[in-house]
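Engineer: Quick one, structure for this:
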Amino acid sequence: MATTNAITAPNPVQELIPEGRLFADQTFHFEALRNVGYTLSGCADVGDVLETVKLISEGDAQGWYAAWALLDKFPSQKQA
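Structural biologist: Modelled structure (predicted):
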């Protein structure tokens, strides 16, 4: 019986995402970058955006909205 190590096993979804992109889906990628852009005006935190992106499965619109709604409930605590 062959065993597969979860750490070294390739993730088929990750293989579809072109290098340098957050999502293979053009709309998801653009919207994630737009949210990163809000950091310039102090309206977002890069860490929060990247942590939220990790929660979203490729092409999962319901997951997209749920992840960003969760961020609205628990934003990062900024030190003054």
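Engineer: Now do the SS call for the residue sitting nearest the centre point of the chain.
Structural biologist: Geometric centre of the chain, nearest residue: Val53, 1.1 Å, by Cα atoms, centre = their mean. Classification of Val53 by DSSP: H, G, I helix; E, B strand; the rest coil places it in helix.
Engineer: how far away is it from Phe30?
Structural biologist: 13 Å (Cβ to Cβ, to the nearest Å). Every C-beta, even on glycine, is put in place using the N, C-alpha and C of the backbone.
Engineer: just how off-centre is stretch 20-37 within its chain?
Structural biologist: 8 Å (Cα atoms, centre = their mean, to the nearest Å).
Engineer: do the same with stretch 58-65
Structural biologist: Chain-centre distance of stretch 58-65: 10 Å, with Cα atoms, centre = their mean.
Engineer: got it, and stretch 52-72?
Structural biologist: Distance of stretch 52-72 from the chain centroid (Cα atoms, centre = their mean) equals 7 Å.
Engineer: Give me the mean pLDDT for it.
Structural biologist: For stretch 52-72, mean pLDDT is 90.
Engineer: Same check on stretch 24-40?
Structural biologist: Mean pLDDT, stretch 24-40: 92.
Engineer: Can you give me the buried ones in that stretch?
Structural biologist: Across stretch 24-40, burial judged by 16 or more other Cβ atoms under 10 Å covers 25, 28-29, 31-32, 35-36.
Engineer: which of those sit farthest apart?
Structural biologist: Asp25 and Val36 (16.2 Å; Cβ to Cβ).
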